[in-house]
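Enquirer: this one's sequence-less:
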């Protein structure tokens, strides 16, 4: 199985900050990566797919980049509702595998 | 707009079989473009993909659970189900059903149910 290493596991930031979360795959996955946002007690929500495609309805402050083994999720200007947990998911090969998650906290 | 809703017992005894159902509205489990999936999340832990059913019959399971998992579909009720046998406390988790489909630029698990908590305990 492809291992997804996500970092950092937690991140302290302020409203208005620009932050970046990274995921590294244990082998090349082309651009077959998605980013999800999960609020407490809720299902994950798709933000980005195919590494850089913004899902319909997702604010443009979210962006993704990368290919092969290294990927990033960037939030350009943090809003109060963004301080939740984020996961990456590779769907290049089965079994699909998630990163360990990044919890965004208010500084 | 596709919507998914999980249902099933919230408490299962060790060694028994966990059974959950996901009702699909606004879409069809018979669709040849959708992969109907199960994902779980133990309390405070990361997400784990369990498997999918495609075209009402083709399945693919996570090898870590392979021998204990069965995913099936009931086209007459437009729902799909998860069975996980010989459960232990390690199977305690929130279980989500989801749809993976081809979007404009690639595949993604784009629709999720709200999740259902299953506790394994005697």
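Expert: Nice, I can see it. As the structure is a prediction and not an experimental result, all values here were calculated from the model.

Enquirer: Close to chain A: what parts of chain B are there?
Expert: Chain B has residues B:46-49, B:60-64, B:96, B:98, B:100, B:103-110, B:112-115 near chain A, with proximity defined as C-beta under 8 Å from any C-beta of the partner chain. Using the backbone N, CA and C atoms, a C-beta is placed for each residue, glycine as well.

Enquirer: Look through chain B and state the residue closest to chain A.
Expert: Among residues of chain B, the one nearest chain A by C-beta to the nearest C-beta turns out to be residue B:106. It sits 3.2 Å away.

Enquirer: List the contacts of that residue.
Expert: For residue B:106, the contact set (C-beta atoms under 8 Å, 6 or more residues apart in numbering or on different chains) comprises A:31, A:32, A:49, A:50, A:53.

Enquirer: same question, residue B:52
Expert: Residues in contact with residue B:52, defined by C-beta under 8 Å, 6+ apart, are B:35, B:36, B:37, B:38, B:59, B:60, B:71, B:100.

Enquirer: What of residue A:106?
Expert: For residue A:106, the contact set (C-beta under 8 Å, 6+ apart) comprises A:12, A:13, A:14, A:15, A:80, A:83.

Enquirer: partner residues bridging it?
Expert: Legend: beta-bridge partners of residue A:106 under DSSP bridges are residue A:13.

Enquirer: one step back: narrow the contacts of residue B:106 to those in strands?
Expert: Assigned to strands by DSSP state E, the following of the contacts of residue B:106 qualify: A:49, A:53.

Enquirer: Could you restrict the contacts of residue B:106 to the ones contacting chain B?
Expert: The overlap between the contacts of residue B:106 and the neighbourhood of chain B (criterion: C-beta under 8 Å from any C-beta) consists of A:31, A:32, A:49, A:50, A:53.

Enquirer: which of the residues you listed sit farthest apart?
Expert: The most widely separated members of those are A:32 and A:53, with 11.4 Å between them, by C-beta to C-beta.

Enquirer: which one of the two has more residues nearby?
Expert: Comparing residue A:32 with residue A:53 by neighbour count (other C-beta atoms under 10 Å in any protein chain shown), the higher total belongs to residue A:32, at 21 against 18.

Enquirer: Please name the nearest non-neighbouring residue to residue B:31.
Expert: Closest residue to residue B:31 in three dimensions, ignoring its sequence neighbours and counting by C-beta to C-beta, 6 or more residues apart in numbering or on different chains: residue B:55, at 7.8 Å.

Enquirer: Reformat the contacts of residue B:52 into a markdown table and put neighbour count, distance to residue B:18 and pLDDT next to each item.
Expert: A markdown table is the format used below for the contacts of residue B:52 (neighbours: other C-beta atoms under 10 Å in any protein chain shown; distance: C-beta to C-beta, whole Å; pLDDT from 0 to 100):
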| residue | neighbour count | distance to residue B:18 | pLDDT |
| --- | --- | --- | --- |
| B:35 | 22 | 21 | 96 |
| B:36 | 29 | 17 | 97 |
| B:37 | 26 | 16 | 97 |
| B:38 | 27 | 11 | 98 |
| B:59 | 15 | 17 | 95 |
| B:60 | 16 | 19 | 95 |
| B:71 | 23 | 12 | 97 |
| B:100 | 22 | 22 | 95 |
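
Enquirer: Thanks a lot, catch you later.
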